[in-house]
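# Let's see this in three dimensions:
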Amino acid sequence: MTMRSSTVVGAALAACAVIAAGTACGTTHENAGTGGGQQAAPSKCHGPGGSYTIGMSQANVAEPYRQRMDDDIRQAASTVPQFTVKFADAAQDNAKQVEQVTNFLTQQIDLLIISPNEATPLTAVVKQAYDKGIPVLVLDRKVDGDAYTEFIGADNVDIGRQAGQYFANVLLPQGGKIAELRGLAGSTPAKERADGFDQGIAGHNIQIVAAQDGDWLQDKGEQQADAILKANPDIQAIYSQNDPMAEGARIAATNAGRPDLPITGIDGLPIEAGGIKAVEAGRISATFVYPTGGREAVDAAKKLLIDCQQVPKTDTLSTKLVTKDNAPQVYAELNRQ
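Numbers count the residues shown, from 1 in each chain. Okay, the predicted model is just below:
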């Protein structure tokens, strides 16, 4: 099943020009530096005869989703003999991630893949790589501005909107009081999933009486849900911005004597410990598939470095609502990819 819907916003790289003595690739970054159409440094494309080092800067690997993203990149890259991928884990530390990307640049990597911990603190170092003529693929979480080659990820506003509509149409069609567990403040999915959810419940008499940051982590999600339930024992459901926090909220709800409290998540990883199986088991009422983009990132790297082709500025990956009715089918479909 194809989990993508690509929208070409602008070419990030010009195609290679092959000359008799070898391959020379020029690149025009449409928004590099301060001037549109500015000519950047030569790109890293040397065709199929080259060898390439890719730096993968991960926000953290404490979340199962991020570990799966690294695994997807590792697996996809293993099929491209020209690629060597170096992984770095920022452990939710912005300064550490900046340092790790700077180290990648010192090592003269050929392409950077990054899933930023937070947008603003990582923007400058991403732009630094881009302005050096290094192709930059931004995964899942955005940076400020557009100084990158391609953004690959799902539409988090739309996912949040769909989650809100699920609450309005299925869980609480008569309205009610709910709580929200948000991800890491400063990361773009946290804001976008909140904004979309607000749009989805607008006009449906659903009131968010408590909202706390769980930083995408199960243990913090449990702590925050525990505090929310003690302060608001009459809430009727919890919207969690990812599955691990939803699992933590389920533990807190069970401990509070409310094992049947509806809780939804986002991620829908097709693994035994993932959200799809949690829906199938009844721990989570619903989740939304949120593709990691790892396979798509390696595909884009191959186009840029080996095929000397352009890539779209944005590759929007599609999502899917997962309920108990379709969980087994979605799990099987995703594992056939």
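
# contacts and neighbour counts: CA atoms only from here.
Fine.

# Excluding sequence neighbours, find me the nearest residue to Gly248.
Spatial nearest neighbour of Gly248, chain neighbours left out: Glu222 (3.9 Å); criterion: CA to CA, 6 or more residues apart in numbering.

# Now do the SS call for the one you found.
Under DSSP: H, G, I helix; E, B strand; the rest coil, Glu222 falls in the helix class.

# what's near enough to touch it?
Taking CA atoms under 8 Å, 6 or more residues apart in numbering as the contact definition, Glu222 lies against Met245, Glu247, Gly248, Ala249, Arg250, Ile251, Ala252.

# wait, isn't Cys45 in contact with Gln309?
No - at 9.2 Å, Cys45 and Gln309 do not qualify as touching, with contact defined as CA atoms under 8 Å.

# between the two, who's got more neighbours?
Taking neighbours as other CA atoms under 10 Å, Cys45 and Gln309 compare with Cys45 leading, 29 against 18.

# would you say the more buried one is within a helix?
No - Cys45 is assigned coil when assessed by three-state DSSP, not a helix.

# Now tabulate the contacts of Glu222 in CSV and tack on neighbour count, secondary structure and pLDDT.
What follows is those, written out as CSV (neighbours: other CA atoms under 10 Å; DSSP: H, G, I helix; E, B strand; the rest coil; pLDDT from 0 to 100):
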residue, neighbour count, secondary structure, pLDDT
Met245, 33, helix, 98
Glu247, 25, helix, 98
Gly248, 22, helix, 98
Ala249, 32, helix, 98
Arg250, 27, helix, 98
Ile251, 21, helix, 98
Ala252, 23, helix, 98
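
# Let me know the closest of those to Gly49.
Met245 (45.5 Å; CA to CA).

# For the closest one, give me its contacts.
Contacts of Met245 by CA under 8 Å, 6+ apart are Leu181, Gly214, Trp216, Leu217, Gln218, Asp219, Lys220, Gly221, Glu222, Gly265.

# Mind doing that once more with 10 Å?
Contact analysis of Met245 by CA atoms under 10 Å, 6 or more residues apart in numbering lists 63, 181-183, 213-225, 239, 251, 263-266.

# mind listing which of those residues are in strands?
Judged by DSSP state E, the contacts of Met245 include Leu181, Arg182, Asp213, Tyr239, Ile263, Thr264 as members of strands.

# top of those by neighbour count?
Among these, the one with the most neighbours (other CA under 10 Å) is Thr264, at 32 neighbours.
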